[in-house]
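A.B. asks: with the input below, show me the fold.
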Amino acid sequence: MEPLPKDGESAAGAGGEPSRGAASSSGVVVQVREKKGPLRAAIPYMPFPVAVICLFLNTFVPGLGTFVSAFTVLCGARTDLPDRHMCCVFWLNIAAALIQILTAIVMVGWIMSIFWGMDMVILASKYSALALPAPTSL
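C.D. replies: Next up is the predicted model:
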């Protein structure tokens with residue numbers, strides 16, 4: 001009986017390669033990717049402070065932060081839809097804002113708006129972590 005892998009380790013061992021003493025059937029590495037719909041993939045990667053402002057706006061006025069984020073696409077913010085034109089991504093964000101505003105009456109849009117804002121902050125934190133240069137020692 002083999003011991004279970006610890007947290008952070010895969011069944012294939014450290015580094016993604018099969019361990020030397022393992023049987024040939026125990027070296028399978030599974031990769032999981034999240035598949036996003038077009039509206040979700042149109043959320044722009046914004047600077048962190050702008051994403052926090054959009055989350056704040058979405059929390060108190062459903063759809064307003066999403067509407068503001070649509071204009072960041074026109075200012076050059078990246079999205080997960082590289083094959084679509086900037087104007088198309090802009091209109092997808094406007095559509096998401098309208099959906100949030102129109103369905104806020106039954107609370108669905110308000111909840112969607114808050115989650116949308118949280119996704120903006122999560123994407124912004126990933127973007128800022130990737131965009132910062134590595135620290136150098138003096």
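
A.B. asks: what does stretch 29-49 rub up against?
C.D. replies: Residues outside stretch 29-49 that contact it (C-beta atoms under 8 Å, 6 or more residues apart in numbering): 10-12, 16, 54, 69, 72-73, 77-81, 89, 92-93, 95-96, 99, 116, 119-121, 123-128. C-beta coordinates here come from the backbone N, C-alpha and C atoms, glycine included.

A.B. asks: show me those that map onto helices.
C.D. replies: 54, 69, 72-73, 89, 92-93, 95-96, 99, 116, 119-121, 123-128 (DSSP state H).

A.B. asks: which among those end up buried?
C.D. replies: Using 16 or more other C-beta atoms under 10 Å as the burial test, the ones in helices among the contacts of stretch 29-49 include 54, 69, 72-73, 89, 92-93, 96, 99, 116, 120-121, 123-124, 127 as buried.

A.B. asks: what's the farthest-apart pair in these?
C.D. replies: Across those, the longest distance by C-beta to C-beta is 24.3 Å; it joins Ile99 and Tyr127.

A.B. asks: I'd say Ala97 and Asn58 touch.
C.D. replies: No - if you go by C-beta atoms under 8 Å, Ala97 and Asn58 don't touch, sitting 9.2 Å apart.

A.B. asks: list residues touching both of those two?
C.D. replies: Joint contacts of Ala97 and Asn58 (C-beta under 8 Å, 6+ apart) are Leu64, Thr66.

A.B. asks: using PDB, write down the CA coordinates of stretch 33-42.
C.D. replies: What follows is stretch 33-42, C-alpha atoms only, in PDB (Å, rounded to 0.1, in the frame of the first residue of the first chain):
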ATOM      1  CA  ARG A  33      -8.500  24.200 -16.800                       C
ATOM      2  CA  GLU A  34     -11.500  26.300 -16.200                       C
ATOM      3  CA  LYS A  35     -13.600  26.900 -19.300                       C
ATOM      4  CA  LYS A  36     -15.100  30.300 -19.300                       C
ATOM      5  CA  GLY A  37     -18.100  31.500 -21.300                       C
ATOM      6  CA  PRO A  38     -17.800  34.600 -23.500                       C
ATOM      7  CA  LEU A  39     -19.200  37.000 -20.900                       C
ATOM      8  CA  ARG A  40     -17.000  35.700 -18.100                       C
ATOM      9  CA  ALA A  41     -13.900  35.700 -20.400                       C
ATOM     10  CA  ALA A  42     -14.600  39.300 -21.300                       C
END
